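1. need a structure here:
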Amino acid sequence: MAEAKKIPRHLQKYVVDQQYEKYTPIDHAVWRYVMRQNHNYLKDAAHQAYVGGLKSSGISVEKIPNVMDMNRALEPFGWGAANIDGFIPGVIFFDFQAHGILPIASDIRKLENIQYTPAPDIIHEAAGHAPILCEEKFSEYVKLFGQIGSKALATSEEHELFEAVRTYSNLLESGNAASAEIEAAKANFEEKQAAVTELSEAEQISRLYWWTVEYGLIGSVDQPQIYGAGLLSSVSEGRGSLTASVKKIPFDLQTVIETGFDITKPQPQLFVCDSFDQLIDAVNEFSNTMAYKVGGTQGLDKALRSNHTATIEYNSGLQLTGTLRNIIKDEQGEAIYIQTEGPSALAYQNTELSGHGKTTHQDGFGAPIGKTKNLKKPMEDLTDKELGIKQGKEFIVEYESGVKIIGTPVESLRQDGKLILLSFKNCKVTLGDETLFLPEWGTYDLAIGDIITSVYAGAADSEQFYSDLEEVETKPFVKKELTELEHLYGIVRTIREKAYLDFQADLSEVIVRLTTKFPKDWLLRIEVIELLAKHNLWPDKQKMLRKQLEEIKLLHEEYPVLIERGLMLV
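-> Numbering: from 1, shown residues only. Now for the predicted structure:
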């Protein structure tokens, strides 16, 4: 992929090959229909950056974009593009954006889901998100949002809900899942949704993202313009968003984070910001409530609830990454000792400390929090001599909380003049009658610091912590024979693009086969009528095809609108 060096190593695991050859002529026709409809409407209804942004971001109305081309086109705006395989965790999605990379799902909605799909698809990801990124202030907002959003802590129930949503949405879009399988996935989704009973900071910030980047309006409540990707990529919802049927609410951070959403239904209300600067101020304001700025016991509680990888940072600068398993608290409810489980790592200024990666701390890490007894200054500010450490001599550290450490110091680690880690052999750690660490467990590394200043989702040094994760496996590309209908779409596309001398014979054959074999297909009929009208051919056949479309309208409640809008652009 062009400019792949822009993608950090820990994110490359989610990048897959677009396999551009997999798109069928019907896929390109779906893209073209949606884009022609949206471009025709949005050129007047969207933010002024939209029309120019389409071209600038490497997107054509006529065919599905190549993500490598988009990656090159977005570079002057400080962005790149990467192909991903559908749903990825929110933290990872935001992490891509924090690095100025637009993650794009390569699949495209099926013709039967042409108006809307709950699963990520290239119409939404490319044509929805990319154009407005060419606007400087909005670009600044999305990158900033990525940096902040990637640190948001979710609950374990929300993580489970994410997996359920991914499964259910993918089944809906696949088009070949059994009804029993879909119903089971729906029931699981509803069960997981009901289990989410608290409003985490991850859910709150996802609402801010939804009502701005995905479904935002800008300007005045009376005359707003569209900038949200969900509206820029939906044939129906984009048009409906500016009508009186959708309530317009002045943007307000508190109201936004208190307003939930349902991805399977049109939004009943939308929020109108007066500028992108207002959004930048809002996400900065929200970040002040997050664990990564608040820290303390409150932040640790959020990490415990998440049951996922999180980073805990001491005032000394030491960073502990792992899955928090236990918090021991004092009588006032303040954390005095923490324990992670499974592979954990230590870092400083987001760089893993040598010898303190997941291999060393594969079974977890325990660490006290709070002030030590009988020291005039915090431990991190004292030299070994001031601490009274003597090589080969037993050393005792006692905390006001009652945590007691007895062992022989073997190494002290300092960064920027501060002690951040003190390693012991033959060490025992206790809290009253409770034993927290025994000598036979190996070396005890004492985290130095009496205050937790920050707690956030993900790893301090993502490149190292996630270096052993398996890459997302690209689905093997199997070139398949086109169906007869796909072949007919391909002929029409070739005629439209090349208009070769003897195309009339081929077009006549398409009409015959379409009429006799595919009585329910509406989109190809519109494309054929478009060609006939353009070349001023066969009025009688145009009339016949239009009559067939009138009959097709009766087959589905969405067809009348889809067909009429298609014919309007002929």
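2. Identify all contacting residues around the helix or strand containing Ser139.
-> When secondary structure is defined using DSSP states H and E, the element that contains Ser139 is helix 136-149. Under the contact criterion C-beta atoms under 8 Å, 6 or more residues apart in numbering, helix 136-149 has outside partners 49, 77-79, 90-91, 94-100, 132-133, 205-206, 208-209, 212-213, 227, 275-277, 279-280, 283-284, 286-287, 290. The C-beta positions use only the backbone N, C-alpha and C, and glycine is treated the same way.
3. any weak-confidence spans in the protein?
-> Scanning the chain for pLDDT under 70 picks out 1-5, 118, 173-175, 472, 474.
4. Show me the residue at the heart of it, geometrically.
-> Compute the mean C-alpha point of the chain, and by C-alpha atoms, centre = their mean the closest residue is Phe93, 2.7 Å away.
5. before we move on, back to that, what comes up buried for the helix holding Ser139?
-> Residues of helix 136-149 classed as buried: 138-139, 141-146, 148-149 (neighbour count, 16 or more other C-beta atoms under 10 Å).
6. now swap in stretch 151-171 and tell me
-> Within stretch 151-171, the residues that qualify as buried are 151-155, 157-162, 164-171, counting by 16+ other C-beta under 10 Å.
7. From the residues you listed, which land in helices?
-> For the buried residues of stretch 151-171, the ones inside helices are 157-162, 164-171, with DSSP state H as the criterion.
8. Can you add distance to Glu486 and give the residues you listed back as TSV?
-> Conversion of these to TSV gives the following (distance: C-beta to C-beta, whole Å):
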residue	distance to Glu486
Glu157	43
Glu158	40
His159	39
Glu160	38
Leu161	37
Phe162	34
Ala164	33
Val165	31
Arg166	28
Thr167	28
Tyr168	28
Ser169	25
Asn170	22
Leu171	23
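9. Spit out the contact partners of the residue lying closest to Gln193 once chain neighbours are set aside.
-> Beyond its immediate neighbours in the sequence, the residue positioned closest to Gln193 (C-beta to C-beta, 6 or more residues apart in numbering) is Leu161, lying 5.8 Å away. Contacts of Leu161 were listed using C-beta under 8 Å, 6+ apart, and they are 189, 192-193, 195-196.
10. Would you mind giving me the ChimeraX syntax to select the buried ones in those?
-> If you want just the buried ones from those in ChimeraX, going by 16+ other C-beta under 10 Å, the selection is:
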select :189,192,196
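11. Look up phi and psi at Ser274.
-> Quick fix: residue 274 reads Asp, not Ser. Main-chain dihedrals, Asp274, degrees, to the nearest 10: phi -90, psi -20.
12. Tell me if I'm right that it and Gly219 touch.
-> Yes. Checked against C-beta atoms under 8 Å, the pair Asp274 and Gly219 is within contact range at 7.3 Å.
13. I'd like the distance between Gly219 and Leu231.
-> When distances are taken as C-beta to C-beta, to the nearest Å, Gly219 and Leu231 turn out to be 13 Å apart.
14. ok, and the closest non-adjacent residue to the residue of the chain positioned farthest from its centre?
-> Taking C-alpha atoms, centre = their mean, the residue of the chain most remote from its mean C-alpha position is Lys393, at 52.0 Å. Spatially, and ignoring its direct neighbours in sequence, Lys393 is nearest to Thr408 (7.0 Å; C-beta to C-beta, 6+ apart).
15. Am I right that the one you found sits in a strand?
-> Yes. With DSSP: H, G, I helix; E, B strand; the rest coil as the criterion, Thr408 is assigned to a strand.
16. could you pull out the helices for the stretch 301-450 of the chain?
-> In the stretch 301-450 of the chain, helices defined by DSSP state H, counting those that start in this stretch lie at 384-387, listed in chain order.
17. So which residues of it form strands?
-> For the stretch 301-450 of the chain, strands defined by DSSP state E, counting those that start in this stretch occupy the ranges 309-314, 318-329, 335-348, 351-352, 366-368, 395-398, 403-415, 418-431, 434-437, 444-447.
18. Just the buried positions in stretch 64-80, please.
-> Counting neighbours by 16+ other C-beta under 10 Å, one finds that the buried residues in stretch 64-80 are 64-65, 67-71, 73-74, 77, 79-80.
19. CSV for the residues you listed, including secondary structure and distance to Arg32?
-> Listed next are the buried residues of stretch 64-80 as CSV, based on DSSP: H, G, I helix; E, B strand; the rest coil; distance: C-beta to C-beta, whole Å:
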residue, secondary structure, distance to Arg32
Ile64, coil, 9
Pro65, coil, 12
Val67, helix, 18
Met68, helix, 20
Asp69, helix, 17
Met70, helix, 17
Asn71, helix, 22
Ala73, helix, 19
Leu74, helix, 22
Phe77, helix, 25
Trp79, coil, 25
Gly80, strand, 26
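20. How many residues are close by the closest residue in space to Lys329 that isn't next to it in sequence?
-> Nearest non-adjacent residue to Lys329, counting by C-beta to C-beta, 6+ apart: Ala335, 5.6 Å away. Per other C-beta atoms under 10 Å, the neighbour tally for Ala335 reads 22.
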